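[1] pasted the sequence and its predicted model underneath.
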Amino acid sequence: MARKKISLIGGGQIGGVLAQLCALRELGDVVLFDIVEGLPQGKMLDIAEVGPVDGFDVNLKGTNSYEDIKDSDIVIVTAGLPRKPGMSRDDLIEVNSKIMTQVAEGIKQYAPNSIVIVISNPLDAMVTLCQKITGFPYNRVIGQAGVLDSSRFAAFIAWELGVSVKDVVAMTLGGHGDDMVPLVRYTSVCGIPVMELLEQKYGSAAKAKEVMEAMVKRTRGAGGEVVALLKTGSAFYSPASSAIAMAESILGDQKRVLPTCAYLQGEFGVNGYYVGVPCVLGEKGIERIIQFKLDAEEQAMMDKSVAAVKGLVDSMKL
Ligand code: TXD
């Protein structure tokens with residue numbers, strides 16, 4: 001049986017970690033593409049040379065030629081500039097739109113049957129552009145943001161409550177921006193509502209609410225927190241791992257329910273825009289968008305987040 005093939009477009013910080021994770025997990029043969037000569041070749045040689053130590057056996061190739069992504073099952077796109085301190089994700093739209101246009105044309109020509117996971121920022125706009133240019137069906141062009149945003153939220157909750165990060169289930173919805181929607185009401189520790197545990201800890205509902213509000217705020221600004229510390233780039237380990245969770249679910253037809261940037265056609269009151277919502281990911285990409293009831297406050301936050309996405313996407317005049 002043929003091995004799966006994963007192509008990574010963009011051989012920078014996230015691209016390099018993606019390549020290493022694909023190799024360590026033997027997800028398939030991996031191609032790393034970048035426009036910078038030598039960069040993807042050097043990174044792939046570096047990773048390949050430690051196969052004997054790590055015990056993985058897959059083919060790894062670095063390239064500057066789109067031809068090499070031929071017959072990819074999955075393409076993960078990280079090409080584009082990251083933020084610098086003080087910048088918002090939206091400030092990247094002009095430069096990254098140009099890059100995404102080239103990338104999407106390459107994918108369309110050489111990997112027409114692939115499932116594409118976009119990571120480049122501003123995420124919701126870049127996924128929209130990638131789908132428009134490739135013309136691929138919506139279930140095959142998706143974005144990674146929610147897995148990471150939810151993971152950050154879950155980590156903050158675990159640290160606050162002194163429990164394992166493995167036992168927190170948390171989810172964020174909406175755009176990958178400062179208005180994202182961490183869903184407190186659906187967040188639990190091993191099924192126990194998180195607010196109940198915070199109230200037990202602090203003995204007061206008001207204090208529990210205050211602590212939760214601080215965690216929600218930190219989640220919304222978590223990408224910026226890392227940018228401010230690094231000063232020369234943005235988070236890269238965590239977005240790579242998050243995209244790998246999505247790719248694994250697709251390659252293994254696992255049907256995991258993961259927050260995914262998906263094209264909505266009426267779901268959650270949104271029509272014709274890519275926004276983060278829970279999706280079943282399997283061999284066809286997005287196999288189902290999971291809908292559920294939001295209360296008035298959650299819907300209002302979702303509407304605000306979607307309005308920000310619409311403003312940005314409409315500014316591209318596609
Ligand atoms: O969760 C998320 N979605 C994200 C997204 C979390 C963090 C950062 N996120 C965004 O991913 C970030 O704002 C950037 O837009 C992308 C990539 O971040 P990374 O940290 O990997 O950026 P690098 O290290 O600058 O790498 C980008 C690479 C670099 O090697 C360039 O040479 C390459 O992109 N590049 C191109 N590759 C292919 N084709 C073209 N045209 C091109 N232009 C630049």
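    Now that the structure is in, tell me what you want to look at.
[2] where does the stretch 51-200 of the chain dip in pLDDT?
    The stretch 51-200 of the chain contains no residues with pLDDT under 70.
[3] show me what from the stretch 1-150 of the chain comes close to the ligand.
    Proximity of the stretch 1-150 of the chain to the ligand, by C-beta under 6 Å from any ligand atom, involves residues 9-15, 34-36, 39, 78-83, 92, 96, 99, 102-103, 119-121, 123, 144-145, 148. No exception for glycine: its C-beta is placed from N, CA and C like everyone else's.
[4] how many neighbouring residues does residue 228 have?
    12 (other C-beta atoms under 10 Å).
[5] coming back round to it: in strands, which of the residues of the stretch 1-150 of the chain next to the ligand appear?
    Secondary structure from DSSP state E places residue 9 of these in strands.
[6] residues of the stretch 201-318 of the chain that sit close to the ligand?
    Residues of the stretch 201-318 of the chain lying near the ligand (C-beta under 6 Å from any ligand atom): 223, 233, 234, 235, 236, 239.
[7] please redo it, this time with the cut-off set to 8 Å
    223, 233, 234, 235, 236, 238, 239, 242, 243 (C-beta under 8 Å from any ligand atom).
[8] touching, the fifth one and residue 11? I think so.
    No: between residue 236 and residue 11 no contact is recorded; they are 12.0 Å apart, counting by C-beta atoms under 8 Å.
[9] those two: which is more packed in?
    Legend: neighbour count by other C-beta under 10 Å for residue 236 and residue 11, higher for residue 11 (27 against 20).
[10] who's in contact with that one?
    19, 32, 33, 34, 36, 39, 40, 43, 62 (C-beta atoms under 8 Å, 6 or more residues apart in numbering).
[11] can you give me the buried ones in the longest helix seen in the chain?
    In the chain, assigned by DSSP state H, the helix with the most residues is helix 296-315. For helix 296-315, burial by neighbour count (16 or more other C-beta atoms under 10 Å) applies to 298, 301, 302, 303, 305, 306, 308, 309, 310, 312, 313.
[12] and it, average pLDDT?
    Here helix 296-315 scores 96 as its mean pLDDT.
[13] for the ligand, what's its nearest residue on the chain.
    The nearest approach of the chain to the ligand comes at residue 12, 1.8 Å away (C-beta to the nearest ligand atom).
[14] what's the distance between the nearest residue to residue 91 once chain neighbours are set aside and residue 306?
    Setting aside the residues directly before and after it, residue 91 is nearest to residue 83 in space (C-beta to C-beta, 6 or more residues apart in numbering), at 7.2 Å. Using C-beta to C-beta, to the nearest Å, one obtains 22 Å as the distance from residue 83 to residue 306.
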